[in-house]
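In: my questions concern the predicted model and sequence given below.
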Amino acid sequence: MLFTGVYYALSFVYVILTLPTLVLPGRGATAFMIKSYTRSIRGALRLFAGIRCEIRGHQNLPDGPYILAAKHQSWGDGFLIYPEIDNLAFVTGDHLERFPFVGGILKKLGAIVIDTCGGGERKAQSLTEGMSRAKSQGRRVLIYPEGHLAPPGYHFRYKPGVWHMQKAMDVPVIPVATNLGCYWQQQELAKKPGTAVIEFLPAIEPGKPKKAFMEQLANCIEEQTAILSRETGTTANNPTVLLPDPVKGATAIPEPLQSN
């Protein structure tokens with residue numbers, strides 16, 4: 001409860017502090033403020049929720065642009081990843097634009113905002129437009145290929161949009177595994193103390209056929225995520241279990257977890 005209060009307080013304060021940077025040329029000042037914000041959230045996680053952060057695999061991050069394809073277990077994993085990567089853009093749904101002033105900050109940061117209300121054609125178009133901007137600016141791009149928050153021990157179908165992004169940008173894809181969901185699951189209020197790990201895995205280079213790429217991406221992320229989950233002493237399934245995509249706006253909770 002204490003962390004949640006600090007989280008919303010920090011979010012409000014940093015939105016207000018970041019607004020003046022929107023009128024400055026370039027995105028450097030805005031990016032500095034958002035990186036400071038994410039570091040503050042990481043500090044609050046450690047201080048108020050007992051969740052420490054460990055980053056592994058920096059040696060797998062190449063110079064220049066690339067795509068981070070990350071496991072998405074928790075509302076908090078972006079806060080752990082963002083401070084580690086310079087010149088980072090990220091793919092997000094347009095739901096964040098509902099929050100006051102956030103849309104302007106996302107635009108200034110160069111975030112790739114997906115039109116989730118305009119149907120598949122508009123969604124693909126907004127992704128293509130965002131990729132073109134990122135490629136021209138030499139950005140690194142963060143995307144969550146499952147598209148949903150998966151509880152530990154489970155996964156959703158990996159969507160092929162990341163393969164199309166790689167094909168369009170002709171850059172490496174860096175798979176990212178995590179066990180943060182063992183401590184902060186999906187959007188739950190409850191937190192458990194421990195050491196959350198974000199691990200950057202070896203790159204998948206451009207040129208693979210879509211089916212082979214998607215199989216390699218899903219397998220390496222899920223296998224390493226299961227290993228990281230076992231490190232926490234939890235009983236996460238291995239291999240992870242496929243969940244059907246939830247209806248729009250819903251959180252997928254498997255029946256065993258619902259009964260608990």
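Out: In hand now; what should we look at? Keep in mind that this is a model prediction, so the values were computed, not measured. Residues are numbered from 1 along each chain as shown.
In: what's the local residue count around Val141?
Out: 28 (other CB atoms under 10 Å). C-betas here are computed from N, CA, C, even on glycine.
In: just the pLDDT for the residue nearest to the spatial centre of the chain.
Out: Central residue of the chain (CA atoms, centre = their mean): Gly78, 4.5 Å from the mean position. At Gly78, the pLDDT value in this model is 91.
In: same check on Ser136?
Out: With respect to pLDDT, Ser136 has a value of 74.
In: also Lys71?
Out: 96.
In: my read is that it contacts Val176, right?
Out: Yes. Under the criterion of CB atoms under 8 Å, Lys71 makes contact with Val176 at 6.2 Å.
In: which secondary structure elements does whichever strand or helix holds the residue nearest to the centre of the chain contact?
Out: Per DSSP states H and E: Gly78 is located in helix 77-81. In terms of contacts (3 or more CB pairs under 8 Å, 6 or more residues apart in numbering; DSSP states H and E), helix 77-81 is packed against helix 28-49, strand 67-70, strand 173-178, strand 194-200.
In: looking at the ones you listed, which is nearest to Ile112?
Out: Distance to Ile112, taken as CB to CB, is lowest for strand 67-70 among those, at 10.9 Å.
In: name the residues that touch that closest one?
Out: With CB atoms under 8 Å, 6 or more residues apart in numbering as the test, strand 67-70 has contacts from 77, 81, 85, 88, 140-145, 162, 165-166, 169, 171-176, 178, 200, 217, 221.
In: again, 7 Å this time
Out: With CB atoms under 7 Å, 6 or more residues apart in numbering as the test, strand 67-70 has contacts from 77, 81, 140-145, 162, 165-166, 169, 171, 173-176, 217.
In: run me through the strand neighbours of that strand, direction for each.
Out: Sheet pairing of strand 67-70 (DSSP bridges) gives strand 140-143 (parallel), strand 173-178 (parallel).
In: using CSV, list the CA coordinates for that strand.
Out: Output in CSV follows, covering the C-alpha atoms of strand 67-70 (Å, rounded to 0.1, in the frame of the first residue of the first chain):
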residue,chain,number,x,y,z
ILE,A,67,14.6,-4.0,-31.0
LEU,A,68,14.1,-5.3,-27.5
ALA,A,69,11.4,-8.0,-27.4
ALA,A,70,10.6,-8.4,-23.7
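In: residue ranges in this structure under the pLDDT threshold?
Out: Scanning the chain for pLDDT under 70 picks out 93-101, 113-130, 235-237, 248-253, 255-260.
In: can you give me the strands in this structure?
Out: 51-56, 67-70, 88-93, 112-114, 140-143, 154-155, 173-178, 194-200, 241-242 (DSSP state E).
In: and Ala69, how far from Gln216?
Out: When distance is defined by CB to CB, to the nearest Å, Ala69 is 11 Å away from Gln216.
In: show me which of the two is the more surrounded one.
Out: In this view Ala69 and Gln216 are compared by other CB under 10 Å, and Ala69 has more residues nearby, 27 against 14.
In: run through the bridge partners of the more buried one.
Out: If you apply DSSP bridges, the partners that Ala69 bridges to are Ile143, Pro175.
In: ok, it to Arg46 distance?
Out: Taken as CB to CB, the span from Ala69 to Arg46 is 26 Å.
In: Gln186 now?
Out: In this view, Gln186 and Arg46 are 20 Å apart by CB to CB.
In: of those two, who's got more company?
Out: When Gln186 and Arg46 are compared for neighbours, Gln186 comes out ahead with 19 against 16, by other CB under 10 Å.
In: who's in contact with the more buried one?
Out: Gln186 sits in contact with Ser74, Trp75, Leu149, Pro151, Thr251, where contact means CB under 7 Å, 6+ apart.
In: so what's it bridging to?
Out: Ser74.
In: how close does it get to Pro246?
Out: Distance from Gln186 to Pro246, by CB to CB: 11 Å.
In: how much space separates the closest residue in space to Arg133 that isn't next to it in sequence from Glu205?
Out: Spatially, and ignoring its direct neighbours in sequence, Arg133 is nearest to Gly110 (6.5 Å; CB to CB, 6 or more residues apart in numbering). Applying CB to CB, the value for Gly110 to Glu205 is 25 Å.
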